[in-house]
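one predicted model, sequence on top.
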Amino acid sequence: MNSMFTKIVRIVLGIMLVLFGANKFFGFIPLPELPEKAASFMTSLGATGYVLKTVGVLEILIGVMLLLKKWVAFALTLLAPISINILLFHVFLDVAGIGGALLITVLNGILIYKHWPQYKSLFQ
């Protein structure tokens, strides 16, 4: 659980989450042109006034927890539905942009696997 590989995966995922979460507030990474349905969906989420901000705050908090190695199993549990939704968004609405979604989902899966002993009691 404390291997160098696990540490690198945790830090890379934490940095990605902090950057993408902060980008939802400050817009320092330009967003790519989205297909019409994907753009419409994102516009709808933005119009709510809270969904994208809530996801951004969660991404930042989860990323910080991973970077500080605090409550990692809890952070990964919070990230699971977010990463799955990011992946599904790209599978159904923007296949061309699926690379980052796959990376986040795979890194989350690797870390959940590496921390599996902490989850075992949930499935007994």
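Yes, it's here. Residues are numbered from 1 along each chain as shown.

so for stretch 107-119, mean pLDDT?
Taken as a whole, stretch 107-119 has a mean pLDDT of 95.

just the buried residues of it, please?
107, 108, 110, 111, 112, 114, 115 (16 or more other Cβ atoms under 10 Å). (C-beta placed from N, C-alpha, C; glycine too.)

out of those, which comes closest to residue 24?
Closest approach between these and residue 24, by Cβ to Cβ: residue 108, at 18.3 Å.

now that closest one: closest residue in space that isn't a chain neighbour?
In space, residue 108 comes closest to residue 83 once its chain neighbours are excluded; the distance is 4.7 Å by Cβ to Cβ, 6 or more residues apart in numbering.

tell me the spacing between the residue nearest in space to the middle of the chain and residue 100.
For the chain, the residue nearest the mean C-alpha position is residue 83 (4.6 Å; Cα atoms, centre = their mean). Distance, residue 83 to residue 100, by Cβ to Cβ, to the nearest Å: 11 Å.

can you map out the helices along the chain?
4-26, 36-48, 51-68, 72-93, 98-114 (DSSP state H).

so which elements touch the second one?
It refers to helix 36-48. Contacts defined by 3 or more Cβ pairs under 8 Å, 6 or more residues apart in numbering; DSSP states H and E place helix 36-48 against helix 51-68, helix 72-93.

could you pull up the mean pLDDT of the longest one?
Right, the one you point to is helix 72-93. 97.
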